[in-house]
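K.L.:
quick one, what's the 3D model for this:
(chains A and B)
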There are 2 protein chains.
Amino acid sequence: MFQNKTVAVILAGGQGTRFWPVSRRERPKQFLDLSGSGQSLIQSTASRISGLVPAEDIFVVTNEEQKPVVAEHLPEAKLIVEPAPKNTTAAIGLAAINIAKSNPETVMIVLPADHHVSEPDVLLKTLSSAVDAARREKVLVTVGIKPTSANTAYGYINKGIDLGQGVARVKRFFEKPNQKRAEEYLAAGDFFWNSGMFIWRASVILESLKTFVPEIYDRLVLISTLSEDPKNTAQIAEIFAEIESISIDFSVLEHAKNVVMVQAEAFGWSDVGSWDSWGELFPADDERNVSVGDVLIVDSQDCIVRSEKRLLAVLGVKDLVIVDFENACLVCARDRVQDVKLVVEELKRRGRNDLI
Amino acid sequence: MFQNKTVAVILAGGQGTRFWPVSRRERPKQFLDLSGSGQSLIQSTASRISGLVPAEDIFVVTNEEQKPVVAEHLPEAKLIVEPAPKNTTAAIGLAAINIAKSNPETVMIVLPADHHVSEPDVLLKTLSSAVDAARREKVLVTVGIKPTSANTAYGYINKGIDLGQGVARVKRFFEKPNQKRAEEYLAAGDFFWNSGMFIWRASVILESLKTFVPEIYDRLVLISTLSEDPKNTAQIAEIFAEIESISIDFSVLEHAKNVVMVQAEAFGWSDVGSWDSWGELFPADDERNVSVGDVLIVDSQDCIVRSEKRLLAVLGVKDLVIVDFENACLVCARDRVQDVKLVVEELKRRGRNDLI
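P.N.:
Model (predicted):
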């Protein structure tokens, strides 16, 4: 039987200002050991997939600035360098063109670099069915995770009819909902968290890009040809700069008819999108406080407190995120964790390069 | 005309766990430059009184442990060392006996070491009338400060009839009131903050101690006699240990008939009793936040934020006190500042000598 080769494509372009003060310009989220596992998130991502893909078949899409850090964290991975951050469509397209050069029927497992999974075996089983589906059919496979809560931080996939072998049609994608809608999704039973993991053959995604975003596709093909000669670097950067910054969800998945979903039981997945969701990776005390490091909590509830070296003492407070790291300490309302970037922006405005 | 000599007695036995993490065991509140003046509170206290009392006539009642720090902060002061902390009655009594040895009619200005005064000239004028009163009559003079707010952190003096020359009788002393009562006191007009400053002749306070707490008086007299021979140290400590720990307000002032009050206009006085009242020493921003040091405040109200060296970033919070100092950071609800000692106690329980 025909067996296409399978590779992994890790998308690692994120900036991660949301994890300030731990994340800094030269050390975005994916390079942090946020789960306390001893590995950075990107290393954990590569480790997890190693059961399906050998280390030398892992591609990482990154940028010039982060290239050395990626090489340090994943010395065996092949690096694909974007001249500028252009969202997932360009990153995936660039990877697909590179991979298609050896064999267009290669199956790509596209993975965000900075997610957390506490049950990697369950994930691998799911990805394995997804790879099988991508081998059998010219489909774009998404991974829908059975929601365990009415989470408003994730996009949702509304599952359609079952096609057998663990695969289903996709009725529609939904953006991050409000609380009420998230509860309706959870109750409905046929809504799944959109994990941001995708599985398809290089040829199939390239065909889709050609159909739905030809102006991006054409530029990526041109760049691929030009990149064979190192003296074209400046020209490549110019062309790349013109590419629209758009997610693969918007450019392709919401329009293509060949999108399917493999359904996954919750495998302890989190996109670790904020300090708030970071807190969910750790056990809480009787008053629902999470503390990591040298922390003393007195008469406080629902706090997330993380210290690196110094003592953080917390008295009589509620719903706070407190993170102490190196030369800075953040004290933030729990419902404002999405706005930590405001602090980083203000520090940038003040020229505090020692802190960003 | 007969002129009694005037001396100052600074009471400096406080532990000041309320200012943790800035105050530590070996560096209580009175030795901190809490107002940012460049002087510790005890140095400011001595400086203020220098207009009335020469430096060599300043006595400081302290303990064995703090003796070297006092000597460092006030090299010219005369130290009176208590074998154990026994509240204000014993401290004042011990000082009075010592001072009476040269001349029992010496006027003592008794001052807490750790208060803040922003208008020292007004204070000196007030103390000057108090000294005059103490010279004229055998009275115990208290200093009542015209309240500028319905403060619940201070005791109050209910002023009686005027006796002339800026002196009035005292109807009654009142403990720290609740909010409702504090507002009544403020509205009444004849209630004054009890500043904890007292002015009297050594002979007059000793006579009062003999009358109202003879068991304390007798022990202090015995200690004074014994202290002439250095080999009595152990015996002195034993006798001192038996002395009741009671404030001069309770032991004498609430009972004596010769208690009077000099009335002072507010002279920017604060007992700096907590981080909350510390915040009042500094100007606030438009959202009533006080920040001292490297602080970034975003979308927050009514916070007191103090940093020593590192950046403290505060986002979307309200009514917090945040203090970063050396190896610890405190995040505390503003209405729980009186309980900072709970943190210190818990650290002590955990054997964290590096932090207390």
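K.L.:
what's the residue of the stretch 151-300 of chain A found nearest chain B in contact with, if anything?
P.N.:
The nearest approach of the stretch 151-300 of chain A to chain B comes at A:Val298, 5.5 Å away (Cβ to the nearest Cβ). Where C-beta positions appear, they are placed from N, C-alpha and C, glycine not excepted. Applying Cβ atoms under 8 Å, 6 or more residues apart in numbering or on different chains to A:Val298 gives the contacts A:313-316, B:339, B:342-343, B:346.
K.L.:
now do A:Lys86
P.N.:
Shown in contact with A:Lys86 (Cβ under 8 Å, 6+ apart): A:240, A:243-245.
K.L.:
return a PyMOL selection command for the buried portion of these.
P.N.:
Typed into PyMOL, the line below selects the buried ones among the contacts of A:Lys86, using 16 or more other Cβ atoms under 10 Å in any protein chain shown:
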select buried, chain A and resi 240+243
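K.L.:
just to be sure, which of the contacts of A:Lys86 are found in helices?
P.N.:
In helices, defined here by DSSP state H, the members of the contacts of A:Lys86 are A:Phe240.
K.L.:
export the contacts of A:Lys86 to JSON lines and tack on pLDDT?
P.N.:
Shown next, in JSON lines, are these (pLDDT from 0 to 100):
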{"residue": "A:Phe240", "pLDDT": "94"}
{"residue": "A:Ile243", "pLDDT": "96"}
{"residue": "A:Glu244", "pLDDT": "95"}
{"residue": "A:Ser245", "pLDDT": "95"}
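K.L.:
got the phi and psi for the spatially most central residue of chain A?
P.N.:
Note on chain A: the residue nearest the mean C-alpha position is A:Pro112, at 2.9 Å, using Cα atoms, centre = their mean. Taking degrees, to the nearest 10, you get phi -70, psi 150 for the backbone angles of A:Pro112.
K.L.:
excluding chain neighbours, what is closest to it?
P.N.:
A:Gly196 (4.9 Å; Cβ to Cβ, 6 or more residues apart in numbering or on different chains).
K.L.:
name the helix or strand for that neighbour, please.
P.N.:
Element membership for A:Gly196, per DSSP states H and E: strand A:191-201.
K.L.:
next one: A:Ala168
P.N.:
strand A:167-174.
K.L.:
then the helix or strand that the strand holding A:Gly196 is followed by to CSV, C-alphas only?
P.N.:
For strand A:191-201, the following helix or strand on the C-terminal side (DSSP H and E) is helix A:202-212. Taking Å, rounded to 0.1, in the frame of the first residue of the first chain, the C-alpha atoms of helix A:202-212 are listed here in CSV:
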residue,chain,number,x,y,z
ALA,A,202,1.5,19.5,1.0
SER,A,203,-0.2,19.2,-2.4
VAL,A,204,-3.6,19.5,-0.9
ILE,A,205,-3.0,22.7,1.1
LEU,A,206,-1.1,24.2,-1.8
GLU,A,207,-4.0,23.5,-4.1
SER,A,208,-6.3,25.2,-1.6
LEU,A,209,-4.0,28.3,-1.3
LYS,A,210,-3.9,28.5,-5.1
THR,A,211,-7.7,28.5,-5.1
PHE,A,212,-8.6,30.8,-2.2
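K.L.:
gap between helix A:202-212 and the chain center?
P.N.:
Here helix A:202-212 is found 21 Å from its chain centre; the criterion is Cα atoms, centre = their mean, to the nearest Å.
K.L.:
what segments of the stretch 1-150 of chain A are strands?
P.N.:
Counting by DSSP state E, counting those that start in this stretch, one finds strands in the stretch 1-150 of chain A at the ranges A:6-11, A:58-63, A:78-82, A:107-112, A:116-117, A:140-145.
K.L.:
around chain B, which positions in the stretch 1-150 of chain A sit nearby?
P.N.:
Neighbours of chain B within the stretch 1-150 of chain A, by Cβ under 8 Å from any Cβ of the partner chain: A:Pro21.
K.L.:
quick check: phi and psi at the closest residue to chain B within the stretch 1-150 of chain A.
P.N.:
In the stretch 1-150 of chain A, the residue that lies nearest chain B is A:Pro21 (7.3 Å; Cβ to the nearest Cβ). Torsion angles at A:Pro21 (phi, psi; degrees, to the nearest 10) stand at phi -90, psi 0.
K.L.:
my read: it touches A:Ile322, true?
P.N.:
No. Using Cβ atoms under 8 Å, A:Pro21 is not in contact with A:Ile322; the gap is 10.8 Å.
K.L.:
next, show the common contact partners of these two.
P.N.:
Taking Cβ under 8 Å, 6+ apart as the contact rule, A:Pro21 and A:Ile322 both touch A:329-330.
K.L.:
for A:Val262, what are its contacts?
P.N.:
Residues near A:Val262 by Cβ under 8 Å, 6+ apart: A:126, A:129-130, A:133, A:141-144, A:166-168, A:199.
K.L.:
can you rerun that using 7 Å?
P.N.:
Applying Cβ atoms under 7 Å, 6 or more residues apart in numbering or on different chains, we find A:Val262 in contact with A:126, A:129-130, A:133, A:141, A:143, A:166-167.
K.L.:
can you redo those as TSV with pLDDT and neighbour count?
P.N.:
Converted to TSV, these look like this (pLDDT from 0 to 100; neighbours: other Cβ atoms under 10 Å in any protein chain shown):
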residue	pLDDT	neighbour count
A:Thr126	95	23
A:Ser129	95	18
A:Ala130	97	27
A:Ala133	96	23
A:Val141	98	28
A:Val143	97	27
A:Gly166	88	18
A:Val167	95	20
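K.L.:
out of those residues, who's nearest B:Lys78?
P.N.:
A:Val143 (79.7 Å; Cβ to Cβ).
K.L.:
run through the bridge partners of the closest one.
P.N.:
A:Val262 (DSSP bridges).
K.L.:
in stretch A:139-159, what counts as buried?
P.N.:
Applying 16+ other Cβ under 10 Å to stretch A:139-159 flags A:139-145, A:147, A:150-151, A:153-159 as buried.
K.L.:
ugh, typo on my part, it should be stretch A:115-130
P.N.:
Applying 16+ other Cβ under 10 Å to stretch A:115-130 flags A:115-117, A:120, A:122-130 as buried.
K.L.:
now do stretch A:55-72: distance to the chain's middle.
P.N.:
15 Å.
K.L.:
A:Glu72: how many residues sit nearby?
P.N.:
10 (other Cβ atoms under 10 Å in any protein chain shown).
K.L.:
distance check, it against A:Ser47.
P.N.:
15 Å (Cβ to Cβ, to the nearest Å).
K.L.:
surely A:Val317 touches A:Ser300?
P.N.:
Yes. Between A:Val317 and A:Ser300 there is a contact at 4.8 Å, judged by Cβ atoms under 7 Å.
K.L.:
residue contacts, the residue lying closest to A:Thr152 once chain neighbours are set aside?
P.N.:
Of all residues not flanking A:Thr152 in the chain, A:Ala182 sits nearest, at 4.9 Å (Cβ to Cβ, 6+ apart). The neighbourhood of A:Ala182, defined by Cβ under 7 Å, 6+ apart, consists of A:150-152.
K.L.:
let's go with 10 Å and repeat that
P.N.:
A:147, A:149-154, A:156, A:174, A:176, A:191 (Cβ atoms under 10 Å, 6 or more residues apart in numbering or on different chains).
K.L.:
now for those: which two are most distant?
P.N.:
Across the contacts of A:Ala182 (Cβ to Cβ), the longest gap, 16.0 Å, separates A:Ser149 and A:Phe174.
K.L.:
helices of chain A, start to end?
P.N.:
Under DSSP H, chain A gives helices at A:41-49, A:67-73, A:87-102, A:120-136, A:179-188, A:202-212, A:214-226, A:233-242, A:248, A:275-279, A:340-349.
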